[in-house]
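Asker: output the structure for:
(one chain, ligands or ions: 1)
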Amino acid sequence: MTKQIMVGIIGVGHLGQYHAKHFSQLPAANLVGIFDSDRSRAREIANKYNTNVFESLEQLLDSVAAVSIVTPTITHAGIAEQCLQAGKHVFIEKPITKTVAEADRLIQLSQQTNSLLQVGHIERLNPALLPLKNFNLQPKFIEVQRLAPFTTRGTDVPVVLDLMIHDIDIILSLVDSPVKNIRASGVSIMTKSVDIANARIRFQNGTVANFTASRIAKDQVRKIKVFQQDMYATIDLSLGMTEVYRILDDKIKNPAAILTAPLNQDGVHRQIVYEKPAIKKTDALQMELTNFIAAINGEEKPIVDGVAGRDALAVATKIHQMIIEDLL
Ligand code: NAD
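Answerer: Numbering: from 1, shown residues only. Okay, the predicted model is just below:
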């Protein structure tokens, strides 16, 4: 039987308020309370979702079985370590930590304490990605673009760790091959850190993925284009739209074809078939937190576990280091 899990939230700023909203509504979760170093913010969100404010992290940990950590990235490692040491299951917003060594330490601690460590790479649940499961994906080339208007939130880390890491995590989950090499460059425009970055990853199986991330843009753009033998898919993560173009060789003209060549010497028509799969609008954060509770109850596997969060961070860190070296 599903057990109701006592949950606490640490950090209820921009994103943490939505964690509070969902945990207050999930039947399998009991939102016991909030800890935020900004007490008035903690009270505001606690009042809104009818829960308690805790004066310290220790007091919160005494009352819960699981926590969501939604504080600035630089604080993740210290807070998560304390939670795992106390034997609590941890959902931690992305990026898992600022450094790979910190992520490794958390993974080790979660194993030692038999606690779940899950990472909030929410884009994995973007409904526009779901139709890709119906195609035999073997990408040769992937073009990724993530542009966002400037905000001060997230600028405690470079753009690769703030924005590009979303796409790195997605692509690592789509390409079933280790990274062979990385090339990267970037520039700083608004902050002391890198604000615009470009990276090209070559995987051992030959797949090439080209990423651009910028936090200096007028409009938000989040697009992935996948090219493979006889297929091209374009995914708009912002609009929630996926379009697939496939080459089909058939003796009969396909009515769904947008382009049909005359019969060739093999006796078939080369045709381009266009598909726009229906995309169900879903709330990715709600799904992610539901998955966390189900994973604690042993009913599901975590969609993005600590190791996946660490792997995305390792690639992102390498990219960032290359950019810094390139700028010197
Ligand atoms: P924010 O600055 O709006 O909120 C952070 C909150 O944490 C604030 O209320 C602050 O008072 C509190 N806080 C800071 N240090 C604390 C500490 N030591 N103990 C307790 N509370 C503390 O930040 P945000 O935009 O909500 O981002 C939070 C985290 O979520 C970051 O790691 C960010 O990368 C991540 N994030 C993820 C996504 C996503 O798409 N998954 C989107 C936005 C942010």
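
Asker: do I have it right that V157 meets K192?
Answerer: No - counting by Cβ atoms under 8 Å, V157 does not reach K192; the two are 11.9 Å apart. The way it works is simple: take the backbone N, C-alpha and C, and place the C-beta from them, glycine included.

Asker: between the two, which has more neighbouring residues?
Answerer: Set side by side, V157 and K192 show unequal neighbour counts under other Cβ atoms under 10 Å, the larger going to V157 at 19 against 8.

Asker: now the end-to-end length of stretch 5-19.
Answerer: Looking at stretch 5-19, the gap from its leading to its trailing residue is 15 Å under the measure Cα to Cα, to the nearest Å.

Asker: list the buried residues for that stretch?
Answerer: The neighbour-count criterion (16 or more other Cβ atoms under 10 Å) identifies 5-12, 15-19 as the buried residues of stretch 5-19.

Asker: any chance of JSON lines for those, columns secondary structure and pLDDT?
Answerer: Output for the buried residues of stretch 5-19, formatted as JSON lines (DSSP: H, G, I helix; E, B strand; the rest coil; pLDDT from 0 to 100):
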{"residue": "I5", "secondary structure": "strand", "pLDDT": "98"}
{"residue": "M6", "secondary structure": "strand", "pLDDT": "98"}
{"residue": "V7", "secondary structure": "strand", "pLDDT": "98"}
{"residue": "G8", "secondary structure": "strand", "pLDDT": "98"}
{"residue": "I9", "secondary structure": "strand", "pLDDT": "98"}
{"residue": "I10", "secondary structure": "strand", "pLDDT": "98"}
{"residue": "G11", "secondary structure": "coil", "pLDDT": "98"}
{"residue": "V12", "secondary structure": "coil", "pLDDT": "98"}
{"residue": "L15", "secondary structure": "coil", "pLDDT": "97"}
{"residue": "G16", "secondary structure": "helix", "pLDDT": "98"}
{"residue": "Q17", "secondary structure": "helix", "pLDDT": "98"}
{"residue": "Y18", "secondary structure": "helix", "pLDDT": "98"}
{"residue": "H19", "secondary structure": "helix", "pLDDT": "98"}
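
Asker: what's the mean pLDDT across stretch 250-265?
Answerer: Per-residue pLDDT values across stretch 250-265 average out to 90.

Asker: I should have written stretch 59-67 there, sorry.
Answerer: The predicted model gives stretch 59-67 an average pLDDT of 98.

Asker: for G16, list the residues it contacts.
Answerer: Listed by Cβ atoms under 8 Å, 6 or more residues apart in numbering, the contact set of G16 reads 9-10, 34, 36, 45, 68, 70-71.

Asker: what about the ligand: which of those touch it?
Answerer: Under the cut-off given by Cβ under 6 Å from any ligand atom, the ligand has 10, 36, 70-71 from those close to it.

Asker: so which of the residues you listed wins on neighbours?
Answerer: Per-residue neighbour counts (other Cβ under 10 Å) across the ones next to the ligand among the contacts of G16 peak at I10, which has 28 neighbours.

Asker: and that one, what is it in contact with?
Answerer: 16, 34-36, 57, 60, 67-71, 79, 83.

Asker: repeat that for 6 Å
Answerer: I10 makes contact with 35, 67, 69, 71, 79 under the criterion Cβ atoms under 6 Å, 6 or more residues apart in numbering.

Asker: please name the bridge partners of the first one.
Answerer: By that I understand F35. Note on F35: beta-bridge partners I10, judged by DSSP bridges.

Asker: please renumber the chain so that the first residue is 479 from this point on.
Answerer: Sure, I'll start numbering at 479, so the last one becomes F513.

Asker: please save the CA atoms from stretch 783-798 in PDB.
Answerer: Taking C-alpha atoms only, stretch 783-798 is exported to PDB below (Å, rounded to 0.1, in the frame of the first residue of the first chain):
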ATOM      1  CA  ASP A 783      18.800   9.800 -10.200                       C
ATOM      2  CA  GLY A 784      21.900  11.300  -8.500                       C
ATOM      3  CA  VAL A 785      24.200   9.500 -11.000                       C
ATOM      4  CA  ALA A 786      22.500  11.000 -14.000                       C
ATOM      5  CA  GLY A 787      22.600  14.400 -12.300                       C
ATOM      6  CA  ARG A 788      26.300  14.000 -11.700                       C
ATOM      7  CA  ASP A 789      27.000  12.800 -15.300                       C
ATOM      8  CA  ALA A 790      25.300  15.900 -16.700                       C
ATOM      9  CA  LEU A 791      27.200  18.100 -14.300                       C
ATOM     10  CA  ALA A 792      30.500  16.400 -15.300                       C
ATOM     11  CA  VAL A 793      30.000  17.200 -19.000                       C
ATOM     12  CA  ALA A 794      28.800  20.700 -18.200                       C
ATOM     13  CA  THR A 795      31.800  21.300 -16.000                       C
ATOM     14  CA  LYS A 796      34.200  20.100 -18.700                       C
ATOM     15  CA  ILE A 797      32.500  22.400 -21.200                       C
ATOM     16  CA  HIS A 798      32.700  25.300 -18.900                       C
END
